[in-house]
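Undergrad: this one's structure only:
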């Protein structure tokens, strides 16, 4: 079976083109999970910049959890049975991100909390989350991403990018 080309760079390009961090990741993979891009764009708009611009949980991390729900939910409106499994899947993905970047908090990642230097740029977070999505939600579907990493995780630069 031939592997598809990684979509990680597409997610980064969407972010560079004006999609917020959550939209960039969700819109890159939504077609594989039965959602059109316009609906995905609209549904994920409020999660950017750490949920509604509050710089709390990273929007790219929110995107992974959003996609985990699309992938895993049984959509049984009368008797939902997949919530705990979806929580576990989302937690696994968020923990993978935190293991690499020390946190899932937007303001800490960006270095705008007044305490820490930037740990990762928003573009870097998009790249990391897109990789985790491919590895976790679509194992064996995509070739490994071999493109730019943006800057190294855990850098000492102050960040101001969105």
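TA: Nice, thanks for sending it over. Everything numeric in this text was worked out from a predicted model, so none of it was measured.

Undergrad: how much space between the residue positioned nearest the centre of the chain and residue 23?
TA: Among the residues of the chain, the one closest to the centroid is residue 60, at 3.0 Å (CA atoms, centre = their mean). The gap separating residue 60 from residue 23 is 10 Å, by CB to CB, to the nearest Å. Placement of C-beta: from N, CA and C, glycine included.

Undergrad: Residue 39 too?
TA: Applying CB to CB to residue 39 and residue 23 gives a distance of 12 Å.

Undergrad: So which of the two has more stuff around it?
TA: More neighbours surround residue 23 than the other of residue 39 and residue 23, with 28 against 12 (other CB atoms under 10 Å).

Undergrad: List the contacts of the more buried one.
TA: By CB atoms under 8 Å, 6 or more residues apart in numbering, residue 23 lies in contact with 14, 40-41, 44-45, 48, 63.

Undergrad: which residues in this protein form helices?
TA: 8-16, 21-29, 37-44, 59-72, 83-101, 106-110, 122-137 (DSSP state H).

Undergrad: so which of those gets nearest residue 1?
TA: Ranking the helices of the chain by their distance to residue 1 (criterion: CB to CB) puts helix 122-137 first, at 15.3 Å.

Undergrad: Measure how the closest one sits relative to helix 59-72, angle-wise.
TA: An angle of 20 degrees separates the directions of helix 122-137 and helix 59-72 when computed by axes from the mean of the first three to the mean of the last three CA atoms, to 10 degrees.
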